[in-house]
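Peer 1: sequence and computational prediction follow.
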Amino acid sequence: MEPTRIVVCPSCAAPNRVAEARLADGPTCGKCKQRLFTGHPVELDAGAFEAQVGRSDIPVVVDFWAPWCGPCRMMAPAYAQAAHQLEPRYRLAKLNTEEAQEIAARFGIRSIPTLVIFRDGREIARQSGAMDTGNLVRWITAQA
């Protein structure tokens, strides 16, 4: 039997079982038919955060950020490039701490940008501060 991964749809949050060997083949959601990987970070709200982090079999990297944060805005293009390079091995997502304050508080986010890598719903690594694309990719692949 071929190994599979649960991939949560970035559009409708439905869990999808995808053969591991087919992750890079542009799979689509069985429910909404949208692409499971877009090459861009997924925008999260509180509900989408729980779905992506809690149900995904692939590591999820969350950028905790805020619109008023200069370093967050400066890192955004590098984070988008990292998403393009790292999908489908990793899901990169962004959580606006102004709109989801309860999640930021639950994870003790004290400074932004802060990146947290989750695997199987648990935090496995954390890094604060802006990074360029190369450092983002190296840090993520070294941790997860």
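Peer 2: Received it, and whenever you're ready, just let me know what you need.
Peer 1: give me the low-pLDDT residue ranges for the protein?
Peer 2: 144 (pLDDT under 70).
Peer 1: now the strands for it?
Peer 2: For the chain, the strands defined by DSSP state E cover 4-8, 15-19, 42-44, 60-65, 91-96, 114-119, 122-128.
Peer 1: right, and these - which one's nearest Q85?
Peer 2: strand 91-96 (9.6 Å; C-beta to C-beta). Glycine gets a C-beta too; all of them are placed from N, C-alpha and C.
Peer 1: this structure: helices as residue ranges?
Peer 2: 46-55, 70-86, 101-106, 133-143 (DSSP state H).
Peer 1: with distance to T28 and mean neighbour count added, can I get the ones you listed in JSON lines?
Peer 2: Below are those laid out as JSON lines (distance: least, C-beta to C-beta, whole Å; neighbours: other C-beta atoms under 10 Å):
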{"stretch": "helix 46-55", "distance to T28": "17", "mean neighbour count": "17"}
{"stretch": "helix 70-86", "distance to T28": "18", "mean neighbour count": "18"}
{"stretch": "helix 101-106", "distance to T28": "28", "mean neighbour count": "13"}
{"stretch": "helix 133-143", "distance to T28": "25", "mean neighbour count": "16"}
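Peer 1: in CSV: those, plus distance to A24.
Peer 2: Formatted as CSV, the helices of the chain follow (distance: least, C-beta to C-beta, whole Å):
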stretch, distance to A24
helix 46-55, 19
helix 70-86, 12
helix 101-106, 30
helix 133-143, 16
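Peer 1: so which of those helices gets nearest Q127?
Peer 2: Using C-beta to C-beta, the nearest of the helices of the chain to Q127 is helix 133-143, at 5.9 Å.
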